[in-house]
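Colleague: Just need the structure, nothing else, for what follows:
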Amino acid sequence: MRQSTYDTDNELRDRAILVSLVTTEVKRGDADPELSLQELVSLAETAGSEVLSTITQNKETRDPKWFIGKGKVEELRAVAEELGATTAIFDQELSGAQVRNLEAALDLKIIDRTQLILDIFAQRAKTREGIIQVELAQLSYLLPRLSGQGKNLSRLGGGIGTRGPGETKLETDRRHIRDRINDLKTVLDEVVRHRTLHRERRRKSGVQQVALVGYTNAGKSTLLRELTRADVYVEDQLFATLDPTSRSLELPSGKEVVLTDTVGFIQNLPHDLIAAFRATLEEVCEADLVLHVVDSSSPMRNEQMTVVDKILSELGAAGKPQLTIFNKIDKYNPDELGVLPAKGQDVLEISAFSADDLLRLREMIQEKMTGDTRTFVLPAERGDLIALAYRTGEVTSQEVDGDMLRLTVELNKQDYEVHGYKLEAFTEQ
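Modeller: Next up, the predicted model:
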């Protein structure tokens, strides 16, 4: 008996044909079908599949029964038989009915892009939180795709001769999945509460946070490792990092900030996955500074930047102070890849393996997170204001003048915007 579509613990390596449907709606959208198919190849290989061939169909709309056209189904079956394929992976999301119809017609395991990404995340998740988030996303994906799509789910009954044994197995499965989803959401709500408390403690202690974001495989983890000498997993593959990692980063002034690596973004990132990982991604929203890491050597660089900007906007982090870091500049060829955007105050080109580049990055982070230097003349008995001055910046000098205290402070921009108004009246002109 052939393995279930939802069983991702395949001991044998899948031999896959990749299928992409380019509709009029897709052509009009933001997503690039060519980039998406290239990524699907990388995703399939990352998941452990052997990619045998790719098939693309241009069609006005998707077929409600087969997703692709009936003729294309026959073509796919012939190619699969010729190449000895075991799996067909579709670049778009399929309905439960489409999966069943394609399985019956092709005698292949059918996987769509969302399920493939969820499978990779399931392989990568190591921490308890990551495992829970992936399971929640997988169950949310699975629930509407259970065979039957809601038909014949009600208890049998309604008169003599129609009474039945109670819940059908499918209805029981649905109930168990819903119960499990509710349990997982309760656990994640507790995670959100703990993260919120942790952020509040960090904010009160004056610790600032920098978040690394970017397209998957842009080099975020490598940058974290080289900047902080952290022992983190680094590999040239999609979604090498899943669980967020935070390390202390020392700036040239000697001040330390927290640098957090986050999961990489990708075109058509499943909504269930974004929802499940929202507790983790909220770290981006709470960061004082966002470093958008870009793979400058990618021919699809501009499209990838657009995807990241769109997801940041969806998360509510679009207005955060941001630096754009064009990484892998040592692999960048302007003749092949075109010119990079003009350098500016918020743009830096680096190689994560260059000590000089890393120093420039540290200096830019420090400059971005530090405001003006101001001098405050405070009454010596106002310990609350003196403590506030220390919390909202770096005190570089302190002088006693009678019953007044003169503090020169290198301000923290964000903290000063929130609390610094209390010190305005004591600013030395």
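Colleague: what pairs with residue 395 across the strands?
Modeller: Here residue 395 sits in beta bridges with residue 409, going by DSSP bridges.
Colleague: and stretch 273-287, how far from the chain's centre?
Modeller: For stretch 273-287, the gap between its own C-alpha mean and the chain's C-alpha mean amounts to 8 Å (C-alpha atoms, centre = their mean, to the nearest Å).
Colleague: Quick one: end-to-end length of that stretch, please.
Modeller: 21 Å (C-alpha to C-alpha, to the nearest Å).
Colleague: just stretch 207-221 next, same as before
Modeller: The first and final residues of stretch 207-221 sit 21 Å from each other (C-alpha to C-alpha).
Colleague: ok, and for stretch 65-74, which residues are buried?
Modeller: By neighbour count with 16 or more other C-beta atoms under 10 Å, stretch 65-74 contains the buried residues 66, 67, 68, 72, 73. Glycine gets a C-beta too; all of them are placed from N, C-alpha and C.
Colleague: got it, and stretch 365-379?
Modeller: Residues of stretch 365-379 classed as buried by neighbour count (16+ other C-beta under 10 Å): 365, 368, 369, 370, 371, 374, 376, 378.
Colleague: possible to save those as CSV with distance to residue 250?
Modeller: What follows is the buried residues of stretch 365-379, written out as CSV (distance: C-beta to C-beta, whole Å):
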residue, distance to residue 250
365, 11
368, 16
369, 13
370, 14
371, 20
374, 24
376, 27
378, 29
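Colleague: In helices, which of those residues appear?
Modeller: In helices, judged by DSSP state H, the following of those are found: 365, 368, 369.
Colleague: sorry, back to before: which one of the buried residues of stretch 365-379 is nearest residue 404?
Modeller: Nearest to residue 404 out of the buried residues of stretch 365-379 is residue 378 (C-beta to C-beta; 6.8 Å).
Colleague: where are the low-confidence patches of the stretch 201-350 of the chain?
Modeller: Filtered on pLDDT under 70, the stretch 201-350 of the chain yields the residue ranges 202-206, 230-244, 276, 278-280, 335-338, 341-344.
Colleague: Can you show me the strands along it?
Modeller: 209-214, 245-250, 256-261, 289-295, 322-327, 347-349 (DSSP state E, counting those that start in this stretch).
Colleague: Give the pairing partners of the second one; include direction for each.
Modeller: Spelled out, that is strand 245-250. In the sheet containing strand 245-250, the strands it pairs with under DSSP bridges are strand 256-261 (antiparallel).
Colleague: Measure how far the partner strand is from the centre of its chain, please.
Modeller: 17 Å.
Colleague: Restricting to C-alpha, output that strand in PDB.
Modeller: Output of strand 256-261 as PDB, limited to C-alpha atoms (Å, rounded to 0.1, in the frame of the first residue of the first chain):
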ATOM      1  CA  GLU A 256      26.700  45.500  24.600                       C
ATOM      2  CA  VAL A 257      23.400  44.800  22.700                       C
ATOM      3  CA  VAL A 258      21.500  41.600  22.100                       C
ATOM      4  CA  LEU A 259      21.700  40.300  18.500                       C
ATOM      5  CA  THR A 260      18.900  37.900  17.500                       C
ATOM      6  CA  ASP A 261      18.900  35.600  14.400                       C
END
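Colleague: list the buried ones in that strand?
Modeller: When neighbours are counted by 16+ other C-beta under 10 Å, the buried residues of strand 256-261 are found to be 257, 258, 259, 260, 261.
Colleague: returning to that earlier point: now, which of the buried residues of stretch 65-74 lie within helices?
Modeller: For those, secondary structure assignment (DSSP H) places 72, 73 in helices.
Colleague: want to try JSON lines for the buried residues of stretch 65-74, with distance to residue 119 and pLDDT as columns?
Modeller: Written out in JSON lines, the entries for the buried residues of stretch 65-74 read as follows (distance: C-beta to C-beta, whole Å; pLDDT from 0 to 100):
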{"residue": "66", "distance to residue 119": "23", "pLDDT": "92"}
{"residue": "67", "distance to residue 119": "19", "pLDDT": "93"}
{"residue": "68", "distance to residue 119": "22", "pLDDT": "92"}
{"residue": "72", "distance to residue 119": "25", "pLDDT": "93"}
{"residue": "73", "distance to residue 119": "24", "pLDDT": "93"}
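Colleague: and which of the buried residues of stretch 65-74 is nearest residue 22?
Modeller: Comparing the buried residues of stretch 65-74 against residue 22 with C-beta to C-beta places residue 68 closest, at 10.5 Å.
Colleague: Quick check: that closest one touching residue 19?
Modeller: Yes - under the criterion of C-beta atoms under 8 Å, residue 68 lies in contact with residue 19, with a separation of 6.6 Å.
Colleague: Which residues are in contact with each of the two?
Modeller: Listed as contacting both residue 68 and residue 19 by C-beta atoms under 8 Å, 6 or more residues apart in numbering are 57, 76.
Colleague: Tell me where the stretch 101-250 of the chain has helices.
Modeller: 113-124, 128-142, 169-204, 220-228 (DSSP state H, counting those that start in this stretch).
Colleague: Would you single out the least confident of the ones you listed?
Modeller: If the helices of the stretch 101-250 of the chain are sorted by mean pLDDT, helix 169-204 sits at the bottom with a mean of 81.
Colleague: So which bits of that one are buried?
Modeller: 171, 173, 174, 181, 184, 188, 195, 199, 203.
Colleague: Chain neighbours aside, what residue packs nearest to the fifth one?
Modeller: Using C-beta to C-beta, 6 or more residues apart in numbering and skipping residues adjacent in sequence, the residue nearest residue 184 is residue 136, 4.3 Å away.
Colleague: Count residues in the vicinity of the one you found, would you?
Modeller: The local packing count at residue 136 equals 22, with neighbours defined by other C-beta atoms under 10 Å.
Colleague: Just list the residues touching residue 64, thanks.
Modeller: residue 98.
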